[in-house]
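A.B. asks: got a sequence here, can you model it:
(chains A and B)
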Amino acid sequence: MYPEDFKYTREHEWVKVEGDVGVVGITFYAQQALGDIVYVDLPKVGTRVEQGKPLGSVESVKAVSDIYAPVSGEVIEVNEALVEKPELLNRDPHGAAWLAKIRLNSPEELNNLLDAAQYQALVAEES
Amino acid sequence: MTGKARSHIVQDEPLVFEISAPGKRGCQLPPLDVPAVDAAEVLGAANVRREIEGFPELSEVEVVRHFTRLSTWNYAIDLGMYPLGSCTMKYNPRANEAAASVEGLLWAHPYQPEETVQGCLEIMARLERALAEITGMDAVSLQPAAGAHGELSGILLIRALLASRGNPRRKILIPDSAHGTNPATAAIAGYEVENIRSNERGMIDIEAFPSLVTEDVAALMITNPNTLGVFEVNIARIAEILHSKGALLYMDGANMNALVGITRPGDAGVDVLHLNLHKTFSTPHGGGGPGSGPVAVKKELEPFLPKPRLKQVNGQWRWDYDRPQSIGRVRAFYGNFGVLVRALAYIMACGPEGLRAATVDAVLNSNYVRKKLEPYYDLPHKEPSMHECVFSDRRQARHGVRTMDIAKRLIDYGFHPYTVAFPLIVPGALMIEPTESESLRELDLFIEAMIAIAREAEENPELVRTAPHTTRTSRVDEVTAARKPILRWRPER
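C.D. replies: Numbering: from 1, shown residues only, chains lettered A, B, ... in the order given. Below is the predicted model of the structure:
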């Protein structure tokens, strides 16, 4: 369920590191807890984000929830497809529905995140 | 089906535009007995509109039937219990309406000279005093038009005070059990928001709290009791910690109906709080309001309150505009006056003993519901409940039945749903607030319905998942409605 090559936050975001770029999204558990997602607020390209601080937000039929940046750095690309099709976040949260690509400025922050097994355990505890 | 609901004819009804026919009128005017004036000539042709496109034309009886039929599609506090947690849907006593319908109040105009509306001003002054006494605060502004507006006014007051001391500071702390509008308020007032995680008791972790209150922190916004219906027992200590670091304590008073007559936020060290008159003080929520969200403050914040302020000069009430430190007006005129009259009527009709009894009954009713439903629904937080209780759908989820399904099924049993999926810190939340208005009989009908649904969730989950079944419209597609909203009706061309 949760890819081994991702790192996870306790707030249910994931990051997959490719070179000095982190691809960021929300987890399967997050989309399931949120329910049908109807709107995604993405950051602007060029925004500097900080680990643990809001990166954007998602709105479901239940609530609006902040998405926290799993890593610090500069947003270099956002997934525009989500603007028209927020439902992708429910269908393919770990793949097609990535939210943003961030150029990492402190890769050592990845050590603050959970690996797949630790995240799996967190989800088991919460559900 | 048990208890309350039976099937009942509900007539279908098109939109008022669709039943319009050209030339129909609601009334006939008598023949003109004064010389006719050509409006185009007097006002200029450009200022005269002969036709309003698409304006519906109907007879009086058609209009009356149209709205009466629509009203039968509705659910209201006058029909039964409305257990919408956090919203405090208490009964609106008719005495409030009688007071607000007194001619002199009904027809008073905000531009009337002060000496002709002394009664109106006296009502506002008395309400300010009553609210200050009830909350233990020093001064009250009645201007804000609703709860979130009161919050914003309150945080702007905090910003103004801190700015006058030299630094408005940067951050507002907000627990994850606070009302959802609090972070929006802080952001609009120009503050960064830092969320605080609740501990396993659903409260602020008092051990960890001091380290969060840095020099950057302007205030903590606390909802007490919080959205779990739990009283923050450390509130006085929290206030001390904030004050020792030059920060302030804001209290969201939306749940004040659990405290009135029992304890006063001002005595616990709260610096600013807002009240929702349409919750705690029984003014109507119906028809979208209007609401009223007075903001109450301690003495040091008084100079910053919205202007004008009431002032008595030689026994006469006057508006005082000479308030150099005021944050300015937050609302046209003096707030939603009709609502203020109703709130004062409620306070005076209840008296101190009555207000206290309402609080005690609200807490009793919520605990009765909690106790009776605990064998059937998961109760994630076991701390004592105040005016509302929060269950989770954990047990029913095993059968594929979620909180939204249970809420929809409750409609079939003749009740308005509880609050669904809030607070967010409880996954699959069922948030139930019966208020003091409900009799034992109505509470038992509600409990009976909830227990019946718990049984259905096990024995026939599909029945619950596809509810409601007895309404004129079954479950609507909320997802498509939110993703592709159609915001207005358009005539077919």
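
A.B. asks: now do the SS call for the most centrally placed residue in chain A.
C.D. replies: Note on chain A: the residue nearest the mean C-alpha position is A:G25, at 2.5 Å, using Cα atoms, centre = their mean. Using DSSP: H, G, I helix; E, B strand; the rest coil as the criterion, the local structure at A:G25 reads strand.

A.B. asks: setting aside sequence neighbours, what's the nearest residue to B:I155?
C.D. replies: The shortest distance from B:I155 to any residue that is not its chain neighbour, by Cβ to Cβ, 6 or more residues apart in numbering or on different chains, is 4.2 Å, and that residue is B:A189. C-beta coordinates here come from the backbone N, C-alpha and C atoms, glycine included.

A.B. asks: meant to ask about A:V71, not that
C.D. replies: Computed as Cβ to Cβ, 6+ apart, the closest residue to A:V71 that is not its neighbour in sequence is A:G22, at 4.8 Å.

A.B. asks: check contacts around the one you found.
C.D. replies: Contact criterion Cβ atoms under 8 Å, 6 or more residues apart in numbering or on different chains gives A:15-16, A:70-71, A:73, A:101-102, A:104 as the residues in contact with A:G22.

A.B. asks: what's it sitting at in phi/psi?
C.D. replies: Listed backbone geometry of A:G22 is phi -110, psi 120, with angles given as degrees, to the nearest 10.

A.B. asks: please enumerate residues in contact with stretch B:46-57?
C.D. replies: Judged by Cβ under 8 Å, 6+ apart, the contacts made with stretch B:46-57 from elsewhere in the structure are B:16-17, B:19-25, B:39-40, B:491.

A.B. asks: at 10 Å instead, please
C.D. replies: Residues from elsewhere that reach stretch B:46-57 (Cβ atoms under 10 Å, 6 or more residues apart in numbering or on different chains): B:15-26, B:38-42, B:62-63, B:66, B:489-491.

A.B. asks: list the contacts for A:S127?
C.D. replies: In this structure, A:S127 makes contact with A:29, A:32-33, B:394, B:397, B:427-428, judged by Cβ under 10 Å, 6+ apart.

A.B. asks: for B:E41, which three-state class applies?
C.D. replies: Going by three-state DSSP, the secondary structure assigned to B:E41 is helix.

A.B. asks: can you find the helix or strand of chain B with the lowest average pLDDT?
C.D. replies: Taking mean pLDDT, DSSP states H and E as the measure, the helix or strand of chain B with the lowest value is helix B:478-483, at a mean of 86.

A.B. asks: so how far is it off the chain centroid?
C.D. replies: Helix B:478-483 has its average C-alpha position 25 Å from the chain's average C-alpha position, going by Cα atoms, centre = their mean, to the nearest Å.

A.B. asks: does anything pack onto it? Which helices or strands?
C.D. replies: Judged by 3 or more Cβ pairs under 10 Å, 6 or more residues apart in numbering or on different chains; DSSP states H and E, helix B:478-483 is in contact with strand A:37-41, strand A:54-60.

A.B. asks: what's the following helix or strand after the longest one?
C.D. replies: Meaning strand A:54-60. strand A:64-68 (DSSP states H and E).

A.B. asks: can that next one be said to contact chain B?
C.D. replies: Yes: applying Cβ under 10 Å from any Cβ of the partner chain, one finds that strand A:64-68 is in contact with chain B at A:64-66, A:68.

A.B. asks: who's in contact with B:D361?
C.D. replies: Residues counted as contacts of B:D361 (Cβ under 10 Å, 6+ apart) are B:387, B:434-438.

A.B. asks: name the member of those residues with the most neighbours.
C.D. replies: B:P434 (29 neighbours; other Cβ atoms under 10 Å in any protein chain shown).

A.B. asks: what's the neighbour count on the closest residue in space to B:A254 that isn't next to it in sequence?
C.D. replies: Counting by Cβ to Cβ, 6+ apart, the nearest residue to B:A254 once its immediate chain neighbours are dropped is B:N276, at 5.2 Å. B:N276 has 26 neighbouring residues, counting by other Cβ under 10 Å.

A.B. asks: next up, phi/psi of B:N276, please.
C.D. replies: Note on B:N276: its backbone torsions stand at phi -110, psi 100 [degrees, to the nearest 10].

A.B. asks: please verify my assumption that it contacts B:V295.
C.D. replies: No: the pair B:N276 and B:V295 does not pass the contact test of Cβ atoms under 10 Å, sitting 11.2 Å apart.

A.B. asks: about what we covered before: counting neighbours, which of the residues of strand A:64-68 next to chain B comes out on top?
C.D. replies: Comparing the residues of strand A:64-68 next to chain B by number of neighbours (other Cβ under 10 Å), A:Y68 comes first, having 21 neighbours.

A.B. asks: and residue 28, how many neighbours?
C.D. replies: I'll assume chain A. A:F28 has 17 neighbours, counted by other Cβ under 10 Å.

A.B. asks: chain B is the one I meant
C.D. replies: B:Q28 has 6 nearby residues by other Cβ under 10 Å.

A.B. asks: near chain B, which residues of chain A are found?
C.D. replies: By Cβ under 10 Å from any Cβ, the residues of chain A that approach chain B are A:10-11, A:32-39, A:53-54, A:59-66, A:68, A:84-87, A:90, A:126-127.

A.B. asks: rebuild the contacts of B:D361 as JSON lines, extending it with distance to chain A.
C.D. replies: Below are these laid out as JSON lines (distance: Cβ to the nearest Cβ, whole Å):
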{"residue": "B:H387", "distance to chain A": "22"}
{"residue": "B:P434", "distance to chain A": "23"}
{"residue": "B:T435", "distance to chain A": "24"}
{"residue": "B:E436", "distance to chain A": "29"}
{"residue": "B:S437", "distance to chain A": "28"}
{"residue": "B:E438", "distance to chain A": "27"}
